[in-house]
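> from the sequence below, what's the structure:
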Amino acid sequence: MLWSLVKIIIFVLIVAAAAMFASYLMDLDGSVRIAVGTLEFNLTPIAAVISLVVLLVAAWLVLKLLGLLMATLRFINGDETAISRYFDRNRERKGYAAMEEGMIALAAGESRLAMAKAKKAQKYLDRPEITTLLTAQAAEQMGDSKKAADCYKVLLADDRTRFVGIRGIMKQKLAEGDTETAMKLAEKAFALKPSHGEVQDTLLQLQAQQHDWKGARATLNAKLRHGAMPRDVHKRRDAILALSTAKDVLDEGNTIEAREAAIEANRLSPDLIPAAVMAARSYIDQGKPKYAARVLTKAWGVQPHPDLAAAFAEIEPNEDAQARLKRFKPITKQHPENRETRLLLAELALAAEDFPEARRAIGDLAVESPDARTLSIMAAIDRGEGKPDAVVRGWLARAVTASRGPQWTCDNCGQVHGEWTPVCVNCAAFDTLTWRTPPQGEVTNVMSSSTLPLIVGKLEEPAPTPPPAAAATVPADATPPEPEPKPAEPAPAEVPDAEIVPPAEPADKRPVVDEGSVPKA
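Numbers count the residues shown, from 1 in each chain. The predicted structure follows:
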């Protein structure tokens, strides 16, 4: 209603301006002289302006008639659509202009205007593959998923737009959480355009979620073949898929195939820690400890990790602490300044009850990067060296509320995982887990400060000293007995075993000191 009023006002203003201009021309003195050869014309100002307008209109009509004449000649020469194209040219210009305005409105977020322009373009153009797509995108922006789905179904009927329709419906199914239907649509879209990067990534992610490792490896190879992925990234992710295949086969009980798949995964990517661990355990089961040690040593040289040390300990589970310390030298001599190497040396020294060596190995890690594992090791060292129980309990109190240290953390959403998985359990992203320390705010401690006294006792309270045995039996108001020649000396204060709290388990749930077995770093 308001827009109609504005248009009326604008029309009235234009008419008034034209009348004023005409009146101004009529009031002007003089004339316009036009000489053409021997002909001469004298025109008043108003007549000159009218003549100029008539001349422009006549020129436009001549050009139009000339174009119609050319179209007629082409029709006579055998071009059956020449005349129809001539009359449709104006409609096409209007249609493409509406399409252009609709695309600009869609990019600007004006979905209703884009929808209106799409309808106008559809009126002038016979190009449903363009106008229907614009309508579908405008409907999606408006939140009308049903209208968008209907438009995408229309696009399925044309070979030129079938891929666009499948992709649009696939994205709708993903938004609805229907991953099964989305995966079928992704497979169809991939068959139509195997080089499409977005479809490749979507299909790979869905296949990984549904543990279709064979199909995922085929999709991964297609990404490499079409240049959508660097070769080193492809090699790593192919190893991850091979490792995932090995895990599924192992869960099914077929250990022979699982061993082969694990060894294949380690061959594809020797620096992939889970693959190295699984391949080493496969060699251990086959009775090939040297191969297992070689795999783990090579992986430790790339990135030290506690899981590698734990698997290395499984090679000889019954050896004593001294023999184990000697056997670990090929590992511990690599990256001697690395945090994991120093912690591993400290735990091995604790198992051998060499507490000074353990203190030298851990150094100042408890100060520079304190976490539950380093603080627990310090508690074990102080306990082994006979430090007061209050000191030991102090380390344990700090370990309860300290960070758990490096963990498998998703780079996409920050979710912390207890163990490595190929797909994040929170955001379903593929190959996004890295071994790093998450921000402290993302890890919730399961123990509050109010529960600490129940675990480690009051830190300020000294250990209770039992009274002398003789004084314990004498009442306060009784007459003191005759002194004996040699009164009994009070027994030395001892801390009951129940009050010595054992070291808390490190963050990765491995014991710090275990004299009967190998410490797991």
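> give me the pLDDT value at the residue minimising distance to the centre of the chain.
Centrality entry for the chain: nearest residue to the mean C-alpha point is residue 412, 2.6 Å, by C-alpha atoms, centre = their mean. We have a pLDDT of 88 for residue 412.
> list the contacts of it.
424, 427, 429, 432 (C-beta atoms under 8 Å, 6 or more residues apart in numbering). Quick note: C-beta positions are derived from backbone N, CA and C, even for glycine.
> tell me the secondary structure at it.
Three-state assignment for residue 412 (DSSP: H, G, I helix; E, B strand; the rest coil): coil.
> tell me how far it lies from residue 55.
In this view, residue 412 and residue 55 are 70 Å apart by C-beta to C-beta, to the nearest Å.
> how about residue 64?
For residue 64, the distance to residue 55 - C-beta to C-beta - is 15 Å.
> and what of residue 265?
84 Å.
> now residue 339
90 Å.
> okay, these two: which has more neighbours?
residue 339 (18 against 10; other C-beta atoms under 10 Å).
> residues contacting that one?
Per C-beta under 8 Å, 6+ apart, neighbours of residue 339: 304, 365, 369.
> any quick PyMOL command for the buried ones out of the residues you listed?
Those of the contacts of residue 339 that count as buried under 16 or more other C-beta atoms under 10 Å are selected in PyMOL with:
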select buried, resi 304+365
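> below-threshold pLDDT in this structure: ranges please.
1, 25-26, 28, 30, 32, 80-88, 250-255, 440-521 (pLDDT under 70).
> so which residues of it form strands?
32-36, 39-43, 407-410, 416-417, 433-436 (DSSP state E).
> closest one to residue 154 among the ones you listed?
The closest of the strands of the chain to residue 154 is strand 407-410. By C-beta to C-beta, the value is 39.4 Å.
> for that closest one, which strands pair with it and how are they oriented?
In the sheet, strand 407-410 lines up against strand 416-417 (antiparallel), strand 433-436 (antiparallel) (DSSP bridges).
> now mean neighbour count too, for those, in a markdown table please.
Formatted as a markdown table, the strands paired with strand 407-410 follow (neighbours: other C-beta atoms under 10 Å):
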| stretch | mean neighbour count |
| --- | --- |
| strand 416-417 | 14 |
| strand 433-436 | 16 |
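> need these in TSV (columns: distance to residue 226).
Converted to TSV, those look like this (distance: least, C-beta to C-beta, whole Å):
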stretch	distance to residue 226
strand 416-417	32
strand 433-436	26
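> so which of the ones you listed is nearest residue 323?
strand 433-436 (29.0 Å).
> so which elements touch the top helix by length along the chain?
Scanning the chain for the helix with the most residues, using DSSP state H, yields helix 45-76. Applying 3 or more C-beta pairs under 8 Å, 6 or more residues apart in numbering; DSSP states H and E, one finds that helix 45-76 makes contact with helix 2-27, strand 32-36, helix 82-107.
> so which of these is the most surrounded?
helix 82-107 (a mean of 15; mean count of other C-beta atoms under 10 Å).
> quick one, it and helix 45-76 angle?
Inter-element angle recorded for helix 82-107 and helix 45-76: 110 degrees (by axes from the mean of the first three to the mean of the last three C-alpha atoms, to 10 degrees).
> which helices and strands does helix 82-107 pack with?
Checking 3+ C-beta pairs under 8 Å, 6+ apart, helix 82-107 ends up next to helix 45-76, helix 111-124, helix 128-142.
> what angle separates it from helix 128-142?
Using the same axes, to 10 degrees: helix 82-107 against helix 128-142 is 20 degrees.
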